[in-house]
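**Student:** Mind folding the following:
(2 chains)
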Protein chains: 2
Amino acid sequence: MGRYELEYPKDATNTVKRHGERGVYALEKIHGLINSTQLLHISFNPPDSPFPVTLPMIGQMGSFDRPSASLGDPLDLYIHGYVSGRLFNIGRAAGDAGMPVCVAASHVDGLVLALSAFNHSYNYRSAVLFGHATLVTDDDEKMYAMELITDSVVPQRWKNTRLPPTGAELQSTSLLKIKISSGSAKFRDGGVIDDRHDLQNDNALNTVWTGTVPIYSTMGEPIPSDHNRVELPPYAAEFFDDFRNGNKEYAVAAAVKKPEPDEP
Amino acid sequence: MGRYELEYPKDATNTVKRHGERGVYALEKIHGLINSTQLLHISFNPPDSPFPVTLPMIGQMGSFDRPSASLGDPLDLYIHGYVSGRLFNIGRAAGDAGMPVCVAASHVDGLVLALSAFNHSYNYRSAVLFGHATLVTDDDEKMYAMELITDSVVPQRWKNTRLPPTGAELQSTSLLKIKISSGSAKFRDGGVIDDRHDLQNDNALNTVWTGTVPIYSTMGEPIPSDHNRVELPPYAAEFFDDFRNGNKEYAVAAAVKKPEPDEP
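**Tutor:** Prediction:
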């Protein structure tokens, strides 16, 4: 429990300008969103293309130097992938300086349907991080990061898989560590916000349905593999329930919240 | 119905190398994935930063010149946003040449939990498009794109909102049109693929639960706004049902499908 909440400083790259009141800079909220997002979008500039390239990747934030660090502390982002993948080849070539990347995590939490199409919106949470990616070369750090990433898929999964990793597994897997330079997030929740002139427009009010609709990610029934011999263990069953309930509760709370009219 | 299916040509930027057998180049599949994704991730390079910037945006593909075009035809991607947003300022400054962008759309369809942590995966569908973004200046094209984008939130929504747009609404909204240079997609579905040596490992088989878990986005009960006076109309109720059922059916089918062992 710290006495204050760490924030990423605002600069030209990370400042939320449009709807600035929705901007979030607290490390804890940003890191929490990154770590609860199943697919992150990593963007980088290949040397041989005019276009940035964006890839969906699995990643997780943590601190190898201080594994007990909490979400509100400075953390690194670890991304894993196949050893000869383009992202990893470019990261390797960048050496110690690292490759500049942007990481985005977004959740859609609901539809916001207003009288005017121009006041339609989604409830959503999105975060971006900017940083430099370097290849992880230390074997202990690779193992730390593999466990971190595996446990992001299902908590406690790493220690409940076949261990230790084989030499071939370790050799074919590369890990990138992204040292974070800055970041921000933007959240929108709450109900419909209509313009005053529309709220006085009887024809619109009598014909257009307005309201919110919660949207959330959920899980179906687990399907054992043909070679499975084991009952679904509690660590997995509990996580699947938490996933279903937590996502639904957040989206419904966002949808029923009273709107807070904000700057245009 | 054409005699052949159009594909984006493979080049250095868009070719799927890792698990090449999962690569998809057909316009219809790529455009379909983009148009069914509620938040796209748009990446661009601001002139004043070493980092690419990735923003979650609402967008939709269509053809203003040939509105009857189907998903398998060459299409443009339209993105809308606030007139003074950074993406739109840079797009405006890029003029007719356009700003190089990458657009990514990804869905998580399920967990794939194997004996070894290194054979874990997600079932997923992801697409990327590369292209140049220019500002839409033609008023008719702006209206076409606004209707296209609004109807991507809920089909038929545009004509069921308060119309026509006010002058202020049109002035404060900018639209970018992205002319596509290339694109590709990558799909993973099916069950667990474990290595032969793990399938002969009784200790692993007797202790590790393996299988798939469907993951899909769903909608909760619609919540009318305080000023709503209208019953939920059929066009909306039917879409919400289609959304719930279609996403669930896809994820469950992906999870129960027999795995097809593939190149390492």
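
**Student:** need the helix or strand of chain A with the lowest average pLDDT.
**Tutor:** Lowest by mean pLDDT, DSSP states H and E among the helices and strands of chain A is helix A:86-94, with a mean of 83.

**Student:** three-state assignment of A:G131?
**Tutor:** When classified by DSSP: H, G, I helix; E, B strand; the rest coil, A:G131 comes out as strand.

**Student:** any idea how far A:P9 is from it?
**Tutor:** Distance of A:G131 to A:P9, given as Cβ to Cβ, to the nearest Å: 14 Å. In this view, the C-beta of every residue, glycine as well, is placed from N, C-alpha and C.

**Student:** which one of those two has more residues nearby?
**Tutor:** Neighbours were counted for A:G131 and for A:P9 using other Cβ atoms under 10 Å in any protein chain shown; A:G131 has more, 21 against 8.

**Student:** shouldn't that one be in contact with A:I79?
**Tutor:** No - look at A:G131 against A:I79 with Cβ atoms under 8 Å: they stay out of range, at 10.9 Å.

**Student:** Quick one: low-confidence residue ranges for the stretch 1-150 of chain A.
**Tutor:** A:1-3, A:83-84 (pLDDT under 70).

**Student:** Double-check A:A12 against B:P50; I have them as touching.
**Tutor:** No - using Cβ under 8 Å, A:A12 is not in contact with B:P50, being 11.6 Å away.

**Student:** For the stretch 51-200 of chain A, which segments are assigned as strands?
**Tutor:** A:53-57, A:59-62, A:76-82, A:99-113, A:121-135, A:173-188 (DSSP state E, counting those that start in this stretch).

**Student:** I'd like to know which of these is closest to A:K29.
**Tutor:** Evaluated with Cβ to Cβ, the strands of the stretch 51-200 of chain A place strand A:173-188 nearest to A:K29, the distance being 5.9 Å.

**Student:** so what secondary structure elements neighbour the closest one?
**Tutor:** Identification of packing neighbours for strand A:173-188 by 3 or more Cβ pairs under 8 Å, 6 or more residues apart in numbering or on different chains; DSSP states H and E yields strand A:23-24, helix A:27-35, strand A:76-82, helix A:86-94, strand A:99-113, strand A:121-135, helix A:139-153.

**Student:** gap between the fifth one and the chain center?
**Tutor:** Between the mean C-alpha point of strand A:99-113 and the mean C-alpha point of its chain there is a distance of 7 Å (Cα atoms, centre = their mean, to the nearest Å).

**Student:** what's the answer for the shortest one, then?
**Tutor:** Distance of strand A:23-24 from the chain centroid (Cα atoms, centre = their mean) equals 15 Å.

**Student:** How about the third one?
**Tutor:** The gap between the average C-alpha position of strand A:76-82 and the chain average comes to 14 Å, counting by Cα atoms, centre = their mean.

**Student:** and that strand with helix A:27-35, angle?
**Tutor:** For strand A:76-82 against helix A:27-35, the angle by axes from the mean of the first three to the mean of the last three Cα atoms, to 10 degrees is 10 degrees.

**Student:** now the angle between helix A:86-94 and strand A:76-82, please.
**Tutor:** 120 degrees.

**Student:** ok and strand A:76-82 relative to strand A:99-113, angle-wise?
**Tutor:** Computed by the same axes, to 10 degrees, the angle between strand A:76-82 and strand A:99-113 is 100 degrees.
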